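# Provided below are the primary sequence and the corresponding predicted coordinates.
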Amino acid sequence: MSAFTMEWFLPLYVFLAGEFNFVFSLLLEDFPALGSNNVPRFISKDSSMKIALNYTRLQNHTVLFYKQDCEDLYVGGTDFVLRLNTSNSHIVERYNLSTTEPEECPEQSPCENVITVIEELNGRVYACGTNGYRPQCRTLVSAGENKSEDCDDGTGISPFEYSQNSISLTVDGDLYAAAPLESDGSSLQFRRKAGNRTNVWMYDNWTLEPTFISATCVKRKNDRDNEKIYVFFRELNSDPSHEADHWISRVARVCKVDEGGSKRFFQNMWTSFIKARLVCGFPEQSLYFNHLQDIYVLHSNWNNTRVYAIFTSRWNSTAVCIYTIGMIEDVFENSTFKDYDQEIPSPRPGTCVKNSRTLPLATVNVVKDHPEMSDWVPSVHRTAPFYVSSYNYTKIAVDQVRGADNKSYNVLLLATDSGKVHKVLEAGDEPLLISETRFFNPSAALSVKLDSKKKKLVVGFSDVIATVDLQSCQYGSSCEDCVLAQDPYCAWSESEKKCTAAAP
């Protein structure tokens, strides 16, 4: 019997959505609840979690890179990158990436190379780190390969120290990144920084002290010239009033084909950069979650691609809001430009053209001076967040699961700041909190990676790398308990008389 067979259980959860106003007057731990006395259901560490790696020293920062089509997980820490086999957790290879030319390290600063970026670039694994305040990137070469290790300047790709903000993304042989150009953390922009094509960067006035969260490229199979890169970040609010929120959360986009402007105007600058505000909250009450924390993009056909975002608020609660690329595009394509009251030139600012250097000056000037949309991007649920909790969630991944009923379900995997992972089912418009996995380490995860094929979640802490078996199904000893869990990874096995992993 499938955990999704007994549909008569579903009315138990109808009260969860209702009117969201009550959220602020009740304990947020009670939202949402399950048809169970144990909310959320604790999954034993022994059965669901496995230690993949114990560090010999505590790590202040780690980065994970997983190649879905093979068994390799790359782990970057201080002075090293490890290549792990995800099936047996064995270390396949260790790359020593300690600081080059340590005699040149600044005085009174740690002379270490904290790895902050691991990407695949032109078929090779590319790692960048702080390198004693002189960021450097290297192509990782295995011990058996007859090749030399290439080293490149990593300024603008890796920060100067791990605590500074940075993101990275590789698309079709090009590396996009946001990292400071100066050692004090200033000149932080999103750029196309390495690869096969022209380096392009931002105009200084487009953002105000940004914190970049994530970037993704959304593919369009039959319209490659119109593919765009979406950048998610928060920035300081330019409104100085006391009523205004300190931060504003944003989505921006640039065209993948953008090569910058002409030699006379905006050369090597994005000609397609436009941005909009992300709405997450209760618009009717003017209550918003404005502090964007993390993003996960669940790719589908381009307009149905879903963006899952974690936000925090001034009243110490966390929300998850969901957006679609189609809704984001609707704002970018149809909104007016903020503080711009003239006729919108043609082609419309932000439009992708094969040769951006031929764009008319009027179009590029709007991008230069008025890149913000007047309209805000609403969430899928519009009047309220998808999920509100008093747990402080810091990382998110989303898995698409085919249940035993052969239907597809989205499951949110939310890491807390206290060493827990919650499994939350997206049941239509309802969030159902299914289970909680507790780690040995009661601290925030530094990094997470989803292995969707093997149904594992890799979580990096300061002392260990651990994997969570998403198909752990400890939901009691009866069919009723198994069904009530509403876990699409699980189903009741009549032959084994237990709740077990659903057949693929």
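Noted; the coordinates are in hand.
# ok, the spatially closest residue to Q136 that is not a sequence neighbour - contacts?
Leaving out its chain neighbours, the residue that sits closest to Q136 by Cβ to Cβ, 6 or more residues apart in numbering is G154, at 4.6 Å. Yep, even glycine has a C-beta here, placed from its N, CA and C like the rest. By Cβ atoms under 8 Å, 6 or more residues apart in numbering, the contact set of G154 is 117, 128-129, 131, 135-137.
# and which of those is nearest K256?
Using Cβ to Cβ, V117 is the member of those that lies nearest K256, at 19.9 Å.
# measure the residue most central in space within the chain to A319 for me?
Nearest to the centroid of the C-alpha atoms of the chain, with distances taken as Cα atoms, centre = their mean, sits I295, at 3.2 Å. Using Cβ to Cβ, to the nearest Å, I295 is found at 13 Å from A319.
# related to what we said a few turns ago, tell me which of the contacts of G154 fall in strands.
117, 128-129, 136-137 (DSSP state E).
# from those, which two are the most distant?
Across the ones in strands among the contacts of G154, no pair lies farther apart than V117 and Q136, at 10.7 Å, counting by Cβ to Cβ.
# So for the two, which sits in the more crowded spot?
More crowded of V117 and Q136, by other Cβ atoms under 10 Å: V117, with 25 against 22.
# in the sheet, who's paired with the closest residue to that one other than its chain neighbours?
Spatial nearest neighbour of V117, excluding adjacent residues (Cβ to Cβ, 6+ apart): C128 at 3.9 Å. Following DSSP bridges, C128 is listed with bridge partners V117, C137.
# Settle this for me: C128 is touching T139, isn't it.
No - using Cβ atoms under 8 Å, C128 makes no contact with T139, being 10.6 Å away.
# which of those two has more neighbours?
Legend: neighbour count by other Cβ under 10 Å for C128 and T139, higher for C128 (32 against 16).
# how far away is the nearest residue to R134 once chain neighbours are set aside from K449?
For R134, ignoring the flanking residues on the chain, the nearest one in space by Cβ to Cβ, 6+ apart is E104 at 7.0 Å. Applying Cβ to Cβ, the value for E104 to K449 is 34 Å.
# between the two, which one's more packed in?
Using other Cβ under 10 Å as the criterion, E104 and K449 rank with K449 on top: 22 against 12.
# Kindly indicate which of the contacts of G154 lies nearest I213.
Checking the contacts of G154 against I213 by Cβ to Cβ gives V117 as the nearest, at 15.2 Å.
# pLDDT score for that closest one?
Looking at V117, its pLDDT stands at 98.
# got a list of what it touches?
Going by Cβ under 8 Å, 6+ apart, V117 touches 63, 76, 126-129, 137, 154, 157-158, 166, 168, 177.
# and which of those residues is nearest V424?
Using Cβ to Cβ, the contacts of V117 come closest to V424 at V63, 25.3 Å.
# For the closest residue to that closest one other than its chain neighbours, list the residues it contacts.
Distances taken as Cβ to Cβ, 6+ apart place G76 nearest to V63, at 4.3 Å, with adjacent residues excluded. G76 makes contact with 62-65, 115-118, 127, 129, according to Cβ under 8 Å, 6+ apart.
# go again using 10 Å as the cut-off
59, 61-65, 82, 95, 97, 113-118, 127-129, 447, 460 (Cβ atoms under 10 Å, 6 or more residues apart in numbering).
# next one: Y323
Contacts of Y323 by Cβ under 10 Å, 6+ apart are 230, 232, 251, 278-280, 295, 297, 305-309, 377-380.
# Could you do C280 as well?
Applying Cβ under 10 Å, 6+ apart to C280 gives the contacts 249, 288-292, 309-311, 313, 319-323, 377-379, 381, 384-386, 388.
# right, and the helix or strand after the lowest-mean-pLDDT helix or strand in the chain?
Of all helical and strand segments in the chain, the minimum by mean pLDDT, DSSP states H and E falls on helix 45-48, at a mean of 59. Going down the chain from helix 45-48, the next helix or strand is strand 49-54, by DSSP states H and E.
# could you say what helices and strands that following strand packs with?
Judged by 3 or more Cβ pairs under 10 Å, 6 or more residues apart in numbering; DSSP states H and E, the packing partners of strand 49-54 are strand 72-76, strand 80-85, strand 456-460, strand 464-469.
# Pull up the pairing partners for that strand, direction included.
For strand 49-54, the paired strands and their directions (DSSP bridges) are strand 464-469 (antiparallel).
# Toward the C-terminus, what is the element adjacent to the strand it pairs with?
Next along the chain from strand 464-469, counting by DSSP H and E, comes helix 479-484.
# Just the buried residues of that next one, please?
Of the residues in helix 479-484, 479, 481-484 count as buried by neighbour count, 16 or more other Cβ atoms under 10 Å.
# Can you show me the helices along this structure?
For the chain, the helices defined by DSSP state H occupy 45-48, 325-334, 361-369, 479-484.
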